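Peer 1: predicted model follows, preceded by the sequence.
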Amino acid sequence: MDPITDSEFRKFQTFIFDAAGISLAPAKKALVSGRLAKRLRACQLDSYGDYFALLSDDAHGAERQIAIDLLTTNETYFFREPKHFEFLAAVASQARGGGFRVWSAACSSGEEPYSIAMVLADRLAGKPFEVVGTDISTRMLQAAQRAHYPDIRARQMPSDYRRRFCLRGTGPQEGTLLVERSLRQRVRFAQANLVAPLPDLGRFDVAFLRNVMIYFDAATKREVVQRVISLIRPEGYLCIGHSESLHDLGIDLIPVAPSIFRKPGRAGQ
(Lines give C-alpha, C1' and ligand atoms only; values in the text may rest on other atoms or scores of the structure.)
Protein backbone atom coordinates (compact mmCIF):
# COMPACT_ATOMS: atom_id res chain seq x y z
CA MET A 1 0.00 0.00 0.00
CA ASP A 2 1.39 3.39 -0.98
CA PRO A 3 1.63 6.06 1.78
CA ILE A 4 -0.94 8.82 1.58
CA THR A 5 0.32 11.82 -0.39
CA ASP A 6 -0.33 15.48 0.38
CA SER A 7 -2.65 15.77 -2.61
CA GLU A 8 -4.60 12.69 -1.55
CA PHE A 9 -4.92 14.04 1.99
CA ARG A 10 -6.30 17.32 0.62
CA LYS A 11 -8.97 15.33 -1.22
CA PHE A 12 -10.05 13.69 2.03
CA GLN A 13 -10.03 17.07 3.76
CA THR A 14 -12.52 18.27 1.16
CA PHE A 15 -14.51 15.03 1.38
CA ILE A 16 -15.13 15.20 5.13
CA PHE A 17 -15.75 18.95 5.08
CA ASP A 18 -18.41 18.53 2.41
CA ALA A 19 -19.94 15.51 4.19
CA ALA A 20 -19.84 16.67 7.82
CA GLY A 21 -18.52 20.24 7.97
CA ILE A 22 -15.34 19.05 9.70
CA SER A 23 -12.13 20.95 9.00
CA LEU A 24 -9.13 18.59 9.23
CA ALA A 25 -5.84 20.32 10.04
CA PRO A 26 -2.66 19.21 8.23
CA ALA A 27 -1.58 17.56 11.49
CA LYS A 28 -4.42 15.04 11.03
CA LYS A 29 -2.78 13.46 7.98
CA ALA A 30 -1.50 10.48 10.00
CA LEU A 31 -4.92 10.01 11.61
CA VAL A 32 -6.65 9.91 8.22
CA SER A 33 -4.06 7.49 6.87
CA GLY A 34 -4.36 5.18 9.88
CA ARG A 35 -8.15 5.13 10.05
CA LEU A 36 -8.63 4.48 6.33
CA ALA A 37 -5.79 1.97 5.82
CA LYS A 38 -7.92 -1.04 6.77
CA ARG A 39 -10.57 0.00 4.26
CA LEU A 40 -7.98 0.09 1.50
CA ARG A 41 -7.03 -3.46 2.44
CA ALA A 42 -10.67 -4.55 2.63
CA CYS A 43 -11.36 -3.09 -0.82
CA GLN A 44 -8.08 -4.50 -2.18
CA LEU A 45 -6.80 -1.08 -3.25
CA ASP A 46 -3.18 0.03 -3.45
CA SER A 47 -3.49 3.78 -2.98
CA TYR A 48 -5.55 6.37 -1.13
CA GLY A 49 -6.25 7.99 -4.47
CA ASP A 50 -7.95 4.80 -5.64
CA TYR A 51 -10.01 4.72 -2.43
CA PHE A 52 -11.07 8.34 -2.90
CA ALA A 53 -12.15 7.51 -6.47
CA LEU A 54 -14.26 4.66 -5.09
CA LEU A 55 -15.92 7.01 -2.57
CA SER A 56 -16.70 9.44 -5.39
CA ASP A 57 -18.69 6.76 -7.23
CA ASP A 58 -22.41 6.95 -6.36
CA ALA A 59 -22.60 3.16 -6.58
CA HIS A 60 -20.55 2.88 -3.35
CA GLY A 61 -22.76 4.80 -0.92
CA ALA A 62 -22.30 2.20 1.83
CA GLU A 63 -18.51 2.53 1.66
CA ARG A 64 -18.88 6.30 1.74
CA GLN A 65 -20.79 6.03 5.03
CA ILE A 66 -18.07 3.76 6.44
CA ALA A 67 -15.43 6.37 5.58
CA ILE A 68 -17.51 9.12 7.20
CA ASP A 69 -17.90 6.97 10.32
CA LEU A 70 -14.16 6.37 10.55
CA LEU A 71 -13.25 10.04 10.12
CA THR A 72 -15.83 11.47 12.53
CA THR A 73 -15.65 9.06 15.49
CA ASN A 74 -14.36 10.39 18.82
CA GLU A 75 -14.00 8.53 22.10
CA THR A 76 -16.13 9.74 24.96
CA TYR A 77 -17.15 8.59 28.44
CA PHE A 78 -19.95 8.88 30.99
CA PHE A 79 -20.44 12.22 32.79
CA ARG A 80 -17.80 14.05 30.80
CA GLU A 81 -17.65 17.71 31.94
CA PRO A 82 -19.71 17.05 35.10
CA LYS A 83 -20.75 20.69 35.69
CA HIS A 84 -23.25 20.32 32.85
CA PHE A 85 -24.90 17.37 34.55
CA GLU A 86 -25.09 19.28 37.83
CA PHE A 87 -26.84 22.09 35.94
CA LEU A 88 -29.17 19.62 34.23
CA ALA A 89 -30.08 18.12 37.60
CA ALA A 90 -31.02 21.57 38.92
CA VAL A 91 -33.13 22.40 35.84
CA ALA A 92 -34.88 19.03 35.87
CA SER A 93 -35.70 19.38 39.58
CA GLN A 94 -37.68 22.54 38.74
CA ALA A 95 -39.46 21.09 35.70
CA ARG A 96 -43.23 21.24 35.64
CA GLY A 97 -45.94 19.95 33.37
CA GLY A 98 -45.45 17.56 30.44
CA GLY A 99 -42.55 15.44 29.35
CA PHE A 100 -39.07 16.87 29.77
CA ARG A 101 -36.93 16.37 26.64
CA VAL A 102 -33.15 16.59 26.21
CA TRP A 103 -31.15 16.27 22.99
CA SER A 104 -27.60 14.93 22.77
CA ALA A 105 -26.78 16.35 19.34
CA ALA A 106 -23.45 14.59 18.75
CA CYS A 107 -23.92 11.53 20.90
CA SER A 108 -21.10 9.31 19.56
CA SER A 109 -21.35 5.86 21.20
CA GLY A 110 -24.07 6.89 23.66
CA GLU A 111 -22.37 7.66 26.95
CA GLU A 112 -23.66 11.24 26.98
CA PRO A 113 -27.38 10.49 26.39
CA TYR A 114 -27.32 7.68 28.95
CA SER A 115 -25.65 10.01 31.47
CA ILE A 116 -28.43 12.53 30.78
CA ALA A 117 -31.09 9.83 31.24
CA MET A 118 -29.61 8.80 34.60
CA VAL A 119 -29.85 12.38 35.87
CA LEU A 120 -33.43 12.76 34.65
CA ALA A 121 -34.53 9.40 36.08
CA ASP A 122 -33.06 10.48 39.41
CA ARG A 123 -34.48 14.01 39.53
CA LEU A 124 -37.86 13.70 37.81
CA ALA A 125 -39.14 11.03 40.22
CA GLY A 126 -41.39 9.16 37.82
CA LYS A 127 -42.39 12.13 35.64
CA PRO A 128 -42.20 11.51 31.88
CA PHE A 129 -39.02 12.37 30.02
CA GLU A 130 -37.24 11.48 26.79
CA VAL A 131 -33.62 11.72 25.68
CA VAL A 132 -32.79 11.81 21.98
CA GLY A 133 -29.27 11.03 20.81
CA THR A 134 -28.18 11.85 17.25
CA ASP A 135 -24.93 11.33 15.42
CA ILE A 136 -23.69 11.25 11.83
CA SER A 137 -22.03 7.86 12.36
CA THR A 138 -24.25 4.82 11.93
CA ARG A 139 -21.56 2.66 13.49
CA MET A 140 -21.55 4.77 16.67
CA LEU A 141 -25.35 4.73 16.83
CA GLN A 142 -25.32 0.94 16.69
CA ALA A 143 -22.84 0.89 19.59
CA ALA A 144 -25.04 3.33 21.51
CA GLN A 145 -28.09 1.11 21.09
CA ARG A 146 -26.14 -1.87 22.45
CA ALA A 147 -25.34 0.19 25.59
CA HIS A 148 -22.46 -2.14 26.54
CA TYR A 149 -19.25 -0.40 27.61
CA PRO A 150 -15.81 -1.00 29.11
CA ASP A 151 -15.68 -0.10 32.81
CA ILE A 152 -13.09 2.60 32.14
CA ARG A 153 -15.72 4.67 30.34
CA ALA A 154 -17.65 4.91 33.64
CA ARG A 155 -14.81 6.24 35.77
CA GLN A 156 -16.70 9.52 36.41
CA MET A 157 -20.13 7.97 36.89
CA PRO A 158 -21.52 8.49 40.42
CA SER A 159 -21.40 5.18 42.28
CA ASP A 160 -25.10 5.25 43.19
CA TYR A 161 -26.02 5.74 39.54
CA ARG A 162 -23.89 2.78 38.63
CA ARG A 163 -25.68 0.61 41.18
CA ARG A 164 -29.13 1.77 40.07
CA PHE A 165 -28.80 1.98 36.30
CA CYS A 166 -26.09 -0.47 35.21
CA LEU A 167 -25.47 -4.19 35.25
CA ARG A 168 -21.92 -5.34 35.99
CA GLY A 169 -20.40 -7.82 33.56
CA THR A 170 -19.33 -11.23 34.88
CA GLY A 171 -17.41 -14.13 33.40
CA PRO A 172 -16.45 -13.35 29.79
CA GLN A 173 -18.04 -9.87 30.22
CA GLU A 174 -16.01 -8.96 33.31
CA GLY A 175 -14.67 -5.42 33.09
CA THR A 176 -17.75 -4.15 31.27
CA LEU A 177 -21.15 -2.72 32.11
CA LEU A 178 -24.57 -2.75 30.45
CA VAL A 179 -27.06 0.10 30.87
CA GLU A 180 -30.21 -1.49 32.28
CA ARG A 181 -33.23 -1.98 30.05
CA SER A 182 -35.72 0.44 31.61
CA LEU A 183 -33.29 3.34 31.21
CA ARG A 184 -32.39 2.32 27.65
CA GLN A 185 -36.07 2.53 26.79
CA ARG A 186 -36.08 6.24 27.69
CA VAL A 187 -33.39 7.04 25.10
CA ARG A 188 -34.08 7.22 21.36
CA PHE A 189 -31.34 7.33 18.73
CA ALA A 190 -31.47 8.71 15.19
CA GLN A 191 -28.94 9.55 12.51
CA ALA A 192 -28.54 13.27 11.88
CA ASN A 193 -25.93 15.36 10.11
CA LEU A 194 -25.67 18.72 11.86
CA VAL A 195 -24.56 20.49 8.69
CA ALA A 196 -27.66 19.34 6.76
CA PRO A 197 -31.43 19.66 7.31
CA LEU A 198 -32.39 17.75 10.45
CA PRO A 199 -35.00 15.00 10.77
CA ASP A 200 -38.18 15.69 12.72
CA LEU A 201 -36.92 15.48 16.29
CA GLY A 202 -39.44 17.68 18.08
CA ARG A 203 -38.60 20.44 20.57
CA PHE A 204 -36.29 20.23 23.56
CA ASP A 205 -35.90 21.78 26.98
CA VAL A 206 -32.11 21.29 26.91
CA ALA A 207 -29.67 20.48 24.09
CA PHE A 208 -26.10 19.26 24.51
CA LEU A 209 -23.84 20.27 21.60
CA ARG A 210 -20.47 19.43 23.07
CA ASN A 211 -16.98 18.79 21.75
CA VAL A 212 -17.96 18.81 18.09
CA MET A 213 -17.76 22.51 17.15
CA ILE A 214 -13.99 22.48 17.57
CA TYR A 215 -13.88 20.75 14.17
CA PHE A 216 -15.97 23.45 12.40
CA ASP A 217 -14.92 26.74 10.85
CA ALA A 218 -16.76 29.89 12.01
CA ALA A 219 -19.39 29.85 9.25
CA THR A 220 -20.22 26.18 9.79
CA LYS A 221 -20.29 26.65 13.56
CA ARG A 222 -22.82 29.49 13.23
CA GLU A 223 -24.98 27.42 10.89
CA VAL A 224 -24.93 24.39 13.20
CA VAL A 225 -25.70 26.37 16.37
CA GLN A 226 -28.61 28.16 14.70
CA ARG A 227 -29.98 24.83 13.48
CA VAL A 228 -29.72 23.32 16.97
CA ILE A 229 -31.26 26.22 18.86
CA SER A 230 -34.20 26.26 16.44
CA LEU A 231 -35.28 23.03 18.19
CA ILE A 232 -34.86 24.39 21.73
CA ARG A 233 -37.96 25.72 23.42
CA PRO A 234 -37.97 29.40 24.49
CA GLU A 235 -36.20 29.66 27.86
CA GLY A 236 -34.56 26.30 27.18
CA TYR A 237 -30.82 25.72 27.45
CA LEU A 238 -27.82 24.92 25.26
CA CYS A 239 -24.67 23.29 26.70
CA ILE A 240 -21.46 23.40 24.67
CA GLY A 241 -18.02 21.98 25.43
CA HIS A 242 -15.84 23.84 27.93
CA SER A 243 -13.14 24.25 25.27
CA GLU A 244 -15.63 25.73 22.79
CA SER A 245 -16.93 29.28 22.35
CA LEU A 246 -19.82 31.10 20.71
CA HIS A 247 -17.92 34.37 20.81
CA ASP A 248 -18.37 36.59 17.74
CA LEU A 249 -21.01 34.33 16.18
CA GLY A 250 -23.73 36.92 16.66
CA ILE A 251 -26.26 34.41 17.99
CA ASP A 252 -29.04 35.53 20.32
CA LEU A 253 -28.35 33.44 23.41
CA ILE A 254 -28.02 34.49 27.04
CA PRO A 255 -24.99 33.17 28.99
CA VAL A 256 -26.01 31.70 32.34
CA ALA A 257 -22.83 29.82 33.33
CA PRO A 258 -19.54 28.85 31.66
CA SER A 259 -20.48 27.01 28.40
CA ILE A 260 -24.23 27.13 29.24
CA PHE A 261 -26.68 29.44 27.45
CA ARG A 262 -30.41 30.18 27.63
CA LYS A 263 -32.60 30.74 24.60
CA PRO A 264 -34.59 33.97 25.01
CA GLY A 265 -38.36 34.09 24.72
CA ARG A 266 -41.32 33.09 26.79
CA ALA A 267 -41.94 29.52 27.89
CA GLY A 268 -44.91 27.99 26.12
CA GLN A 269 -44.28 29.79 22.84
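Peer 2: Cool, the structure landed. Numbers count the residues shown, from 1 in each chain.

Peer 1: which strand in the protein runs the most residues?
Peer 2: As assigned by DSSP state E, the longest strand anywhere in the chain is strand 232-240.

Peer 1: and that one, what's buried?
Peer 2: In terms of neighbour count (16 or more other CB atoms under 10 Å), strand 232-240 has its buried residues at Ile232, Arg233, Gly236, Tyr237, Leu238, Cys239, Ile240. Placement of C-beta: from N, CA and C, glycine included.

Peer 1: what mean pLDDT does that strand have?
Peer 2: Mean pLDDT, strand 232-240: 97.

Peer 1: to which secondary structure element type does Ala95 belong?
Peer 2: Classification of Ala95 using DSSP: H, G, I helix; E, B strand; the rest coil returns coil.

Peer 1: ok, it touching Asp205?
Peer 2: Yes. Using CB atoms under 8 Å, Ala95 is in contact with Asp205, at 7.2 Å.

Peer 1: and these two? which has more neighbours close in?
Peer 2: The neighbour comparison of Ala95 against Asp205 (other CB atoms under 10 Å) goes to Asp205, with 20 against 16.

Peer 1: that one - that's part of a strand, no?
Peer 2: Yes. Applying three-state DSSP, one finds Asp205 inside a strand.

Peer 1: how much space separates it from Phe100?
Peer 2: Asp205 is 5 Å from Phe100, where distance means CB to CB, to the nearest Å.

Peer 1: mind listing what the closest residue to Asp50 other than its chain neighbours touches?
Peer 2: Nearest residue to Asp50 in three dimensions, chain neighbours excluded: Leu40, at 7.7 Å (CB to CB, 6 or more residues apart in numbering). Leu40 sits next to Met1, Asp46, Ser47, Tyr48, Asp50, Tyr51 when contact means CB atoms under 8 Å, 6 or more residues apart in numbering.

Peer 1: do Leu124 as well
Peer 2: Per CB under 8 Å, 6+ apart, neighbours of Leu124: Ala92, Ala95, Phe100.

Peer 1: please repeat the previous calculation with a cut-off of 6 Å.
Peer 2: The contact partners of Leu124, taken as CB atoms under 6 Å, 6 or more residues apart in numbering, are Ala92.

Peer 1: and if you look at Ile229?
Peer 2: Taking CB under 6 Å, 6+ apart as the test, what Ile229 contacts is Leu238, Lys263.

Peer 1: over to it: give its phi and psi.
Peer 2: Note on Ile229: backbone dihedrals following degrees, to the nearest 10 are phi -70, psi -20.

Peer 1: so how far is the helix or strand in which Arg163 is found from its chain's centroid?
Peer 2: Element membership of Arg163, judged by DSSP states H and E, is helix 159-165. The chain centroid and the centroid of helix 159-165 are separated by 23 Å under CA atoms, centre = their mean, to the nearest Å.

Peer 1: quick one: buried residues of that helix?
Peer 2: By 16+ other CB under 10 Å, the buried positions in helix 159-165 come out as Tyr161, Arg162, Phe165.

Peer 1: if I look at the last one, how far off is Pro264?
Peer 2: The spacing between Phe165 and Pro264, counted by CB to CB, is 34 Å.

Peer 1: burial measure for Lys29, as a count.
Peer 2: Lys29 has 19 nearby residues by other CB under 10 Å.

Peer 1: next one: the nearest residue to it once chain neighbours are set aside, what pLDDT does it get?
Peer 2: Excluding its sequence neighbours, the residue lying closest to Lys29 (CB to CB, 6+ apart) is Phe9, at 4.9 Å. Here, the pLDDT recorded for Phe9 equals 96.
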